[in-house]
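Participant: Provided below are the primary sequence and the corresponding predicted coordinates.
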Amino acid sequence: VKYVRQFVDMRGYDSMILVGNSLGGHIAQLYALDQPNKIRAMVLTGSSGLFEDSLGGGYPKRGDYEYIKDRTGYTFYDPNVATKELVDEIYEICNNRGKAIRIISMAKSAMRENLAKLLHRLTMPVLLIWGKEDKITPPFVAEDFQRLLVNSELVLVEECGHAPMMEKPLEFNRILNEFLQKLKVAA
């Protein structure tokens, strides 16, 4: 959150709509809790903060391409979304010791930091876009977010896993655009 705050301050932003997926959603929530007056709205998708199987049952295994390919495919409803280029990128990250340690550290921190008791403080509009077949943060987590976030709306995306913006980009963008248009009308 410190780095996000520094970036926002450097850019001089004072009214933002945060969009975060998975761990990025967790960071968005923490930033919004820290700086609520700067957040106009939030969009969370497959977000951590309440529950997650963020590592899909195990930590990344360095040097094991097939394991990385399998875990990347696990992220999606359709494992074919995990292209060779995406798997190669994840494989490179997992084999970079520094990057892998930072990711594991952030994921462990997210697992320890349950935000359920704090979410009532977030009163800005929040759109929850969730894959109906998300195995990492299942739909019941989205329903918990909707219950705990006082001004939230949930949209479940059919035949979609943990990353709707990658797996169903046209539908994701349509849902996002409708939300942004509502915010414009409300302004």
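Facilitator: Now that the structure is in, tell me what you want to look at. Residues are numbered from 1 along each chain as shown.
Participant: Enumerate every residue touching residue 19.
Facilitator: Taking C-beta atoms under 8 Å, 6 or more residues apart in numbering as the criterion, residue 19 is in contact with 28, 42-43, 45, 176. Every residue, glycine included, has its C-beta placed from N, CA and C.
Participant: I'd like to know which of those is nearest to residue 122.
Facilitator: residue 42 (7.3 Å; C-beta to C-beta).
Participant: what's around that closest one, how many residues?
Facilitator: Residues near residue 42, counting by other C-beta atoms under 10 Å, number 25.
Participant: and the helix ranked longest in the chain, average pLDDT?
Facilitator: In the chain, with assignment by DSSP state H, the single longest helix is helix 169-186. Summarised as a single mean, pLDDT over helix 169-186 is 94.
Participant: In the protein, which residue is most central in space?
Facilitator: In the chain, the residue lying closest to the centroid (C-alpha atoms, centre = their mean) is residue 21, at 1.8 Å.
Participant: Nearest residue to that one in space, ignoring adjacent ones along the chain?
Facilitator: Counting by C-beta to C-beta, 6 or more residues apart in numbering, residue 21 lies nearest to residue 45, which is 4.8 Å off, once chain neighbours are set aside.
Participant: pretty sure that neighbour contacts residue 25?
Facilitator: Yes: look at residue 45 against residue 25 with C-beta atoms under 8 Å: they come within range, at 6.6 Å.
Participant: Look at the two and report which has more neighbours.
Facilitator: With neighbours defined as other C-beta under 10 Å, residue 45 and residue 25 compare such that residue 45 has more, 28 against 24.
Participant: what sits against the more buried one?
Facilitator: Residues in contact with residue 45 (C-beta under 8 Å, 6+ apart) are 19-22, 25, 128-131, 163-165, 172.
Participant: Pipe these into a markdown table and attach secondary structure per row.
Facilitator: A markdown table is the format used below for the contacts of residue 45 (DSSP: H, G, I helix; E, B strand; the rest coil):
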| residue | secondary structure |
| --- | --- |
| 19 | strand |
| 20 | strand |
| 21 | strand |
| 22 | coil |
| 25 | helix |
| 128 | strand |
| 129 | strand |
| 130 | strand |
| 131 | strand |
| 163 | coil |
| 164 | helix |
| 165 | helix |
| 172 | helix |
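Participant: Which one of the residues you listed is nearest to residue 115?
Facilitator: When the contacts of residue 45 are compared for distance to residue 115 (C-beta to C-beta), residue 25 wins out at 10.3 Å.
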